[in-house]
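Engineer: take this sequence and fold it.
(2 chains)
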Amino acid sequence: MTAPVRLAAAGAAGAAGPRLGAILLGAACVAWTAVPPRTTGLAGTALAVSIIAVTAGALRLALADVPQPEDEYFLAARVRAWLAFLALLRTLPWEEIAVVAILWLEVQHPARPWHTAALGAGLAGYLLAVHIAESGAPARRLLRRQGKVLFAGACLVALGAGFGTLPAAGPGAGSALLRVVAAAAVIAAAALVLPRRD
Amino acid sequence: MSSPIPNGPGRLSPANASAAGRAESAEAEVRWRPARHARRLLTLALAGLLLATLTRRPEFAGLAAPALLLLGAGRPGLPTRFLVRTRLASSQLYEGEVGALDVTVDDSELDTRWVLQAGRGVEPASATAVNGAAARFEFTVPRWGRRQLGSVTLVLHDRWRLAEGRVAFELPGVDCYPYPAVQRTRVVLSRLPNRLGEHAARVAGEGTEFTGVREYVPGDRQRAINWPATTRRGRLQVNTFAAERSQDIVLVMDATSDVGTPGSSALDLGLRGAAGAAQAYLDGRDRVGVICYQWGGARWLAPSLGRRQVYKIIDTMLAADAGWARGDAFSRLPRAALPPGSLVVVFSPLLDQRFVETLRDMRERGFALFVVDVLNTQPPARRAFTDAMTSRIWQMEQQAIRFSLRELGVPVVHWDGAEPLDLPLAPYTRRPLVAHR
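Structural biologist: Below you'll find the predicted structure:
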């Protein structure tokens, strides 16, 4: 095996890891949210949209190295369809769609604070993995830089789940909203006291 | 076998010396905007907070916390001006030769990525996206011509990769020269002009090639006395030598018809052959000029000596479509373009009847012509009888054209572009070419 081929193989292997990680995390988030299956409201639609979006995002990552051919005339219908498919994959924000659909699916379930907290950690990991996979940024260095903030975020996720398990002070809707405001205030305070990034 | 490229076009001539290693600096202004990653995190944070408010479930607010912290941990002022340097290793290349482009940005604190968008007709020979403050892109140009290299995009990220800045730079163009054909032997005329050179002429002179012995006459050099012959004949005998002369070569490039597969078309082969011939004859200290014949006119370069003339000839051929000296035939060209007694080497597919008539006209005016036939394709023929018949007639016409030229005393050799040019020329390079007037 020649040196350039070895380099190309090493590069492909290096890129495959983060991509596979992102795909698995996305699938895990969907599965985590979908269990137990719900049929009420828009749960089915949200599940379908989240599966499509995660799949499309995975395809986008997998086909990231496929070059866009130069503009040519009189392309075959098959080639034009393939180019349109690639353009669709690369144009729409599939990860954002997946996040919104997964959260909406989670809303369809009755309150389960720790389950939702784990989903939050999974979604944050999914977005980070997608970012590492598509940018080629060195994962270890990126996570080391953001380690403290991610740790603080994980603490706040747990704190949010803890707020969710607390019983409301009173029977009214304002009492339930108070818990949300308290959680948001803690997050805002944490954001303010965190050191600015360099 | 050595390469027909002497040292590469960017390193030989003084004209190219300024072009070689051409560097440019430019100050780029970058507009920062949220990166795709930041937009995704924002979506997660806003969706979490919105759902927390709507459903009054605080765990969704907690879910938004990591994204919010990442986004809001602070955003220092990012620099907006950068000094970018681009350096092209050489602005002249031969076909298939690897060129290099170096790009550098002066700020190494940010995560930097360079992305090359190669122009039409330019093929990247290395990775098209490189991380780092400095990058080198390699490229090749498969076919001759003037090409725009394309553009390079500088993508900057802050250290957390949440902000992104992009600047695109247009890259300069490069001249791609046709890869010269391999030619080491030369066709030499029997009658050479009275000018010092390297070809042995038929007349006696002060050269180095021995031609015979004659009787001594007063005035002959003493060192020329052939003592063995003198001893045998009993009278003083002196050696005689052939004079060494140079010749004028005019390369005629037929650009009226370009047929065949791009990359090995008649025009491609003609240009490569003409470049190889120019190099071979200039190596032999001949004066070489060029005439590019095309629809409605011709562009020419008067014969001259020296290595720079190779590049002048190729430049003339590449710029043939912008010729300023236009005329209907070669009869209108000035004497300097077509000196009397010169050998005219023609590279043509012989498809244009007017060009063939022009060759006949030149031959009748007494020029010594030599035609290299670069036609390497045929009209597509199907199984239909009429197609086969048409193809046959076309082939007969082509044979007739070549036969008529040979009847006029114009040698026609076929060159396929793959083999060295020496092979088809071999029957004419072994002895001087006699051109009857």
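Engineer: got a list of what whatever residue of chain A ends up closest to chain B touches?
Structural biologist: Of all residues in chain A, the one sitting closest to chain B is residue A:160 (1.4 Å; Cβ to the nearest Cβ). Every residue, glycine included, has its C-beta placed from N, CA and C. Going by Cβ atoms under 8 Å, 6 or more residues apart in numbering or on different chains, residue A:160 touches A:113, A:117, A:120, A:183, A:187, B:58, B:59, B:60, B:61, B:62, B:63, B:65.
Engineer: pretty sure the second one sits against residue A:161.
Structural biologist: Yes - taking contact to mean Cβ atoms under 8 Å, the distance of 3.7 Å between residue A:117 and residue A:161 places them in contact.
Engineer: which residues are in contact with each of these two?
Structural biologist: Both residue A:117 and residue A:161 are contacted by B:59, B:62, under the criterion Cβ under 8 Å, 6+ apart.
Engineer: for residue B:429, what are its contacts?
Structural biologist: Applying Cβ under 8 Å, 6+ apart to residue B:429 gives the contacts B:185, B:186, B:187, B:188, B:422.
Engineer: how far away is the last one from residue B:180?
Structural biologist: For residue B:422, the distance to residue B:180 equals 13 Å [Cβ to Cβ, to the nearest Å].
Engineer: between these two, which is the more surrounded one?
Structural biologist: For residue B:422 and residue B:180, the more surrounded residue by other Cβ atoms under 10 Å in any protein chain shown is residue B:180, and the numbers stand at 25 against 16.
Engineer: relative to chain A, how far out is that one?
Structural biologist: 28 Å (Cβ to the nearest Cβ, to the nearest Å).
Engineer: for chain A, which spans come out with low pLDDT?
Structural biologist: Low-confidence segments of chain A (pLDDT under 70): A:1-14, A:69-73, A:168-176, A:191-198.
Engineer: picking that back up, redo the contacts of residue B:429 as JSON lines? Include distance to chain A and secondary structure.
Structural biologist: As requested, the contacts of residue B:429 are exported to JSON lines (distance: Cβ to the nearest Cβ, whole Å; DSSP: H, G, I helix; E, B strand; the rest coil):
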{"residue": "B:185", "distance to chain A": "38", "secondary structure": "coil"}
{"residue": "B:186", "distance to chain A": "40", "secondary structure": "coil"}
{"residue": "B:187", "distance to chain A": "43", "secondary structure": "coil"}
{"residue": "B:188", "distance to chain A": "46", "secondary structure": "coil"}
{"residue": "B:422", "distance to chain A": "34", "secondary structure": "helix"}
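Engineer: just to revisit the earlier point, okay, and the residue of chain A closest to chain B sits in which element?
Structural biologist: With elements taken from DSSP states H and E, the one containing residue A:160 is helix A:139-165.
Engineer: cool, and residue B:115?
Structural biologist: Using DSSP H and E, residue B:115 maps to strand B:111-118.
Engineer: close to chain A, is the helix or strand just after that strand?
Structural biologist: Moving toward the C-terminus from strand B:111-118, the next helix or strand (DSSP H and E) is strand B:123-124. No - against chain A, strand B:123-124 shows no contacts by Cβ under 8 Å from any Cβ of the partner chain, the least distance being 10.0 Å.
Engineer: given strand B:123-124, what are its sheet partners and their directions?
Structural biologist: Sheet pairing for strand B:123-124, assigned by DSSP bridges, gives strand B:134-140 (antiparallel).
Engineer: got the buried residues for the strand it pairs with?
Structural biologist: Under the neighbour-count criterion of 16 or more other Cβ atoms under 10 Å in any protein chain shown, strand B:134-140 has B:135, B:136, B:137, B:139, B:140 buried.
Engineer: got it, and stretch A:79-91?
Structural biologist: For stretch A:79-91, using 16+ other Cβ under 10 Å, the buried residues are A:86, A:89.
Engineer: repeat that for stretch B:425-437.
Structural biologist: Using 16+ other Cβ under 10 Å as the test for burial, stretch B:425-437 gives B:425, B:428, B:429, B:432, B:433, B:435.
Engineer: before we move on, what about stretch A:97-117?
Structural biologist: Buried positions in stretch A:97-117, judged by neighbour count with 16+ other Cβ under 10 Å: A:97-109, A:112-113, A:115-117.
Engineer: straight-line length of it, end to end?
Structural biologist: From its first residue to its last, stretch A:97-117 covers 20 Å (Cα to Cα, to the nearest Å).
Engineer: tell me if it is near chain B.
Structural biologist: Yes - Stretch A:97-117 is in contact with chain B by Cβ under 8 Å from any Cβ, via A:99, A:100, A:103, A:104, A:107, A:111, A:113, A:114, A:116, A:117.
Engineer: point me to the residue of the stretch 251-400 of chain B nearest chain A.
Structural biologist: residue B:262 (14.2 Å).
Engineer: Provide the secondary structure category for that residue.
Structural biologist: Under DSSP: H, G, I helix; E, B strand; the rest coil, the three-state class of residue B:262 is coil.
Engineer: ok, which stretches of chain B are helices?
Structural biologist: Remark: helices assigned in chain B by DSSP state H are B:14-19, B:36-55, B:58-72, B:227-233, B:266-283, B:308-318, B:353-364, B:385-407, B:422-429.
Engineer: export those helices as TSV, with columns for mean pLDDT.
Structural biologist: Output for the helices of chain B, formatted as TSV (pLDDT from 0 to 100):
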stretch	mean pLDDT
helix B:14-19	38
helix B:36-55	90
helix B:58-72	85
helix B:227-233	93
helix B:266-283	92
helix B:308-318	88
helix B:353-364	86
helix B:385-407	91
helix B:422-429	90
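Engineer: could you point out which of those sits nearest residue A:131?
Structural biologist: Nearest to residue A:131 among the helices of chain B is helix B:36-55; the distance by Cβ to Cβ comes to 4.1 Å.
Engineer: return the set of buried residues in that closest one.
Structural biologist: Across helix B:36-55, burial judged by 16+ other Cβ under 10 Å covers B:36-38, B:40-45, B:47-49, B:51-52.
Engineer: how near is residue B:354 to residue B:260?
Structural biologist: Taking Cβ to Cβ, one finds residue B:354 at 20 Å from residue B:260.
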